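Peer 1: Turn this into a model:
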Amino acid sequence: MPPSPATGSRPPAPAPPTHFCRSLERLPNELLQPIAEGLVPARPLTTRFALRPAGTWEFRDAAHQGADWLAGHSDLLSFAQTSQRMAAVAKPLLYHTLVIPTPRALVTLFLRLNGRPEIGPWIRSIACLANVAGVETVSEVRREWQRQTGGRGNREPHQPWSPGFWNAGDTAALKLLQVILLNTPNLGDLLLACPDDHLAQPGSDADDRLIPSFRDAILRYRTGTTAPLRGGLLFDCVPLGLMRNLTTLRLYCHREDGDRELTLARLLADHAVELLPQLATVRTLELCCASAANLCSEDITLPPIPQLEHLRLYGSHIHEPRLVALCLACVNLQSLVVHFEASSTDEDRDLLPEGKTLNDALLGLAGSLRTLELVALSEGHYLTRGNERPRKPENHRLRCTPELRHLENVTLDYRGVFGTFGILEEDDGERLCQLLPPSVRHFTLVCEWGTASDWRQSYLANLDMVLHGVECLCDSRSHRLSSISLAIHSWPAESRFHRRFKREVEAARQRCARAGIMFRTFDLLPSYQDEDEVEVVGEEEFDGEDAEADDGAEGGAAALGQAAPEDELELEEEDEASEYYFSGDDESDPEREARRPPTFNAFLQLLGDDHDHSLDDLFYAYHEDRWDEYLF
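Peer 2: The predicted structure follows:
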C-alpha cells in the first residue's frame, strides 16, 4: 500500500533505465529476410543504356554492368559477415543473382557448384557477360582451370576435369556454361550479353574473336549453303529446351567486325524465337540488336504463343510484317517495347500477315496490353505506308491507341502519333487528348524533329504544338495522368533560344504541377548503331554560317564592352522562332506572306475542287513553301 501523503514520506526513485541494444540481432528472421533481400544486387540490363535520374542517357557496357553488380554484391557480403545468424539469412541470397564477367568467374562458379551441389537451387538469375565462343576466352578458361585445380581432379569420363573433355577444344567454355545451367534447377532469368568493346579480355593484346570453326559455320549458314550446327553450336551453349523453370530469356547480340549477324548470340536469338512455342515457362523475351526472325524458315507466321507476356526488342531491325506476326501469336501480351533501328518500306505492305497492319494487331491485344513503347531511333518509320497515290493519311500514324483501354504506360515517338511529315498540324495538340485512353497513367512522347536544313525553322513550332497538347491533357477531365515526359534534344537549352525554351518548358511544368501531374524532359535515346562511339552533336553543326556570324557579333560586342539589351534579344528570339517553315530565301517577302493561306485546308479551298493535282503533291508543296506555284 503506498504511503499516505500526510506522513510526508517520498515515493521511491525510479530504477535507472536498462541498456537497450539497438542491433539487427534483436530482429526476428521475418524482418531480417526482407532487409537482406533488399541488398541483392540488381541484374544487368539487356541494353547498354541506362537513364540517369538527371535525365540523360549513360552508356553501360558489359564491364560497367559487371562492376555495378560487384559493388552491390559486396554490400550483401558485408551484411552476411557480421554474424553467424546474418550469414545464415543471407547465404542463399549471395547466389540469388550472379554475373559471369570473365573466364575466371566461369571456372570458379563451375567448381563451386561441383563441390557444393546445394548451391545450385539457390541461383535464380545468371548474366554471362563473357564471350564464351571467343578464342581468347577458351584459352583463358584452360589456363584458369590449370591454376585453380592444378591439373588434378576426378577422372570420370565425359566430365570437364577428364582429359577427354579438354580435347574438345573449341567448346570448352560452352560446355562449362552448359553444365552450370543444367545444375541450376530454379534458374528463372538468363542473360547472355557479350561485350562489344573490341571483344578483348583485360590485359590481353589480342581481340577475343569468334572461334574460326564457329565463324565458318555461321558464314555457311548465313549464305544459305548449309544448315546450322544445332547440336554442337546452339544446344551446347544454352540448352533452352531443358531449362524447366526459365521465365525470362534475354540476349544481347554483340558486334564483331561491325556485323552483328556474324555472332553466336545473333544465331541463338533467331533460334530462341523459333523455339518460343515450345518454351512453355518463358514469360519474358528481351532481344537487343536482333531482328527477331526465324532461324531456318523465311515464313513470318508463328504458331500461338499464349505464355509470352512481355516482349522487348531493343535496337531491332524488325519490320512491321514480322512485328505483326509476333503480336498475332502472342495473344496475351502485356508489355510490348520495340526500339526500331530500321524503317519499314512500302514493299513490306504486301508481306503483312493476313493483310493486317500493326494497328490491327495491337487492337487484338486491347484486352491484355498494359505497356506500349514504340520508338524509331533513326530517320524513318515503323509503319508500312503503301504505294498508293495520294498517300492515305491513316497509314502514317497509329490510330488504335484510343481503343487500348487497359494501357497504363505509353511511350511513342512523334512518327506514330502525328505521322511522318515532321511538321505538326494546327490541331495536333488537341489530338493528344483523343489519342490517349483514360487508363494511361504515364505518357512519354519522343520528340525527334527536323533535319540539318529545317531544324531551326520547325523545332520550336513543333515544341509549341506539343506543349499545347500537354496543356490540353492537364485540363482534360477524362484523363488521370500521373506523369508526362518529353524525350527531346537538349541542344536548344544551350542555344540563343535557351531563354524561351526554358521558359516554355517551365511553364508546362508548373501547369502540370497544378494538375497533380509530374512533368519532366530528358535526352533522346542514343542509337544502338553508334553505341561504342557516342558523339555529342554541337549546335554549330546545325546552324552553319549563322552560328559563326552570331559568334562574331557576340565577340564584337564583348570587345567594345557593350551588351545587347535583353528586351532586344527576346524580340530577336521571338521573331526567328516564328519562322515555322523553311522558305529557302534569305529575305522575306511581306506581300507574299500576306497572301499565303493560313492552313492547308484553306489552300485547298483556294484551289477549288477541279485542281487536278495529287493531294500528296499539294501537301508537300504547301509545307515546303511552294504554294504559290499552284495559286499564281
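Peer 1: quick one: residue 483 from residue 302, how far?
Peer 2: 35 Å (CB to CB, to the nearest Å). Bear in mind the C-beta positions are built from the backbone N, C-alpha and C, glycine included.
Peer 1: got it, and residue 176?
Peer 2: 33 Å.
Peer 1: Comparing the two, which residue is more hemmed in?
Peer 2: residue 176 (22 against 19; other CB atoms under 10 Å).
Peer 1: contacting residues for that one?
Peer 2: Neighbouring residues of residue 176 by CB atoms under 8 Å, 6 or more residues apart in numbering: 106-107, 110, 141, 160.
Peer 1: which among those residues gets closest to residue 448?
Peer 2: residue 106 (40.6 Å; CB to CB).
Peer 1: quick one: contacts for that closest one?
Peer 2: Per CB under 8 Å, 6+ apart, neighbours of residue 106: 100, 128, 130, 132, 141, 144, 173, 176-177, 180.
Peer 1: try it again with 10 Å
Peer 2: 100, 128, 130, 132, 137, 140-141, 144-145, 172-173, 176-177, 180 (CB atoms under 10 Å, 6 or more residues apart in numbering).
Peer 1: Could I have the buried ones of those as PyMOL selection syntax?
Peer 2: The following PyMOL line selects those of the contacts of residue 106 that are buried, judged by 16 or more other CB atoms under 10 Å:
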select buried, resi 100+128+130+132+137+140+141+144+145+172+173+176+177+180
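Peer 1: what about the helices in the stretch 51-200 of the chain?
Peer 2: With DSSP state H, counting those that start in this stretch applied, the stretch 51-200 of the chain shows helices at 62-80, 84-90, 103-115, 135-149, 163-166, 172-182, listed in chain order.
Peer 1: closest one to residue 447 among those helices?
Peer 2: helix 62-80 (28.2 Å).
Peer 1: Check the gap between the residue nearest to the spatial centre of the chain and residue 193 for me.
Peer 2: With distances taken as CA atoms, centre = their mean, residue 314 lies nearest the centre of the chain, 5.4 Å away. Applying CB to CB, the value for residue 314 to residue 193 is 11 Å.
Peer 1: what residues are shared contacts of those two?
Peer 2: 45-48, 250, 252, 288.
Peer 1: what about stretch 100-114, average pLDDT?
Peer 2: In this model, stretch 100-114 carries a mean pLDDT of 93.
Peer 1: chain center to that stretch, what's the gap?
Peer 2: The chain centroid and the centroid of stretch 100-114 are separated by 30 Å under CA atoms, centre = their mean, to the nearest Å.
Peer 1: Buried ones in it, by neighbour count?
Peer 2: Neighbour-count burial for stretch 100-114 [16+ other CB under 10 Å]: 100-107, 109-111, 113-114.
Peer 1: hang on, residue 358 packs against residue 323?
Peer 2: Yes: contact criterion CB atoms under 10 Å: residue 358 and residue 323 qualify, at 6.3 Å.
Peer 1: Mind listing the shared neighbours of those two?
Peer 2: Contacts common to residue 358 and residue 323, judged by CB under 10 Å, 6+ apart, are 338, 344, 374, 382.
Peer 1: And the strands in the stretch 351-500 of the chain, which stretches?
Peer 2: With strands called from DSSP state E, counting those that start in this stretch, the stretch 351-500 of the chain shows them at 371-376, 409-413, 442-447, 483-488.
Peer 1: Could you export those strands as a markdown table, including mean neighbour count?
Peer 2: Formatted as a markdown table, the strands of the stretch 351-500 of the chain follow (neighbours: other CB atoms under 10 Å):
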| stretch | mean neighbour count |
| --- | --- |
| strand 371-376 | 21 |
| strand 409-413 | 21 |
| strand 442-447 | 20 |
| strand 483-488 | 20 |
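Peer 1: Distance to residue 72 added to these, as JSON lines?
Peer 2: Shown next, in JSON lines, are those (distance: least, CB to CB, whole Å):
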{"stretch": "strand 371-376", "distance to residue 72": "26"}
{"stretch": "strand 409-413", "distance to residue 72": "26"}
{"stretch": "strand 442-447", "distance to residue 72": "27"}
{"stretch": "strand 483-488", "distance to residue 72": "27"}
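Peer 1: Need the ones you listed in JSON lines (columns: mean pLDDT and distance to residue 308).
Peer 2: What follows is those, written out as JSON lines (pLDDT from 0 to 100; distance: least, CB to CB, whole Å):
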{"stretch": "strand 371-376", "mean pLDDT": "95", "distance to residue 308": "14"}
{"stretch": "strand 409-413", "mean pLDDT": "94", "distance to residue 308": "18"}
{"stretch": "strand 442-447", "mean pLDDT": "93", "distance to residue 308": "23"}
{"stretch": "strand 483-488", "mean pLDDT": "92", "distance to residue 308": "27"}
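Peer 1: Identify, from the contacts of residue 106, the entry nearest to residue 349.
Peer 2: residue 128 (39.7 Å).
Peer 1: what's near enough to touch the closest one?
Peer 2: 44, 62, 98-101, 105-106, 109, 173, 177, 180-181, 190-194, 237-238.
Peer 1: Need the pLDDT of residue 618.
Peer 2: So, for residue 618, pLDDT stands at 78.
Peer 1: didn't residue 286 look like it was pressed against residue 46?
Peer 2: Yes: with contact defined as CB under 10 Å, residue 286 counts as touching residue 46 (4.3 Å).
Peer 1: so what sits against both of these two?
Peer 2: 191, 248-252, 312-314.
Peer 1: Just the ones of those residues in strands?
Peer 2: 191, 248-252, 312-314 (DSSP state E).
Peer 1: what would these look like in TSV with pLDDT and distance to residue 596?
Peer 2: Formatted as TSV, these follow (pLDDT from 0 to 100; distance: CB to CB, whole Å):
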residue	pLDDT	distance to residue 596
191	96	56
248	97	56
249	97	56
250	97	53
251	95	53
252	93	51
312	97	46
313	96	44
314	94	44
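Peer 1: need the residues you listed in TSV with distance to residue 298, can you?
Peer 2: Shown next, in TSV, are these (distance: CB to CB, whole Å):
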residue	distance to residue 298
191	28
248	28
249	23
250	26
251	21
252	25
312	24
313	19
314	24
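Peer 1: How about the contacts made by the closest residue to the residue nearest to the centre of the chain other than its chain neighbours?
Peer 2: Nearest residue to residue 314 in three dimensions, chain neighbours excluded: residue 288, at 4.2 Å (CB to CB, 6 or more residues apart in numbering). Counting by CB under 10 Å, 6+ apart, residue 288 makes contact with 45-49, 191, 193, 250-254, 260, 265, 269, 312-316, 339, 528, 531.
Peer 1: If we use 7 Å, what do you get?
Peer 2: 46-47, 252-253, 314-315 (CB atoms under 7 Å, 6 or more residues apart in numbering).
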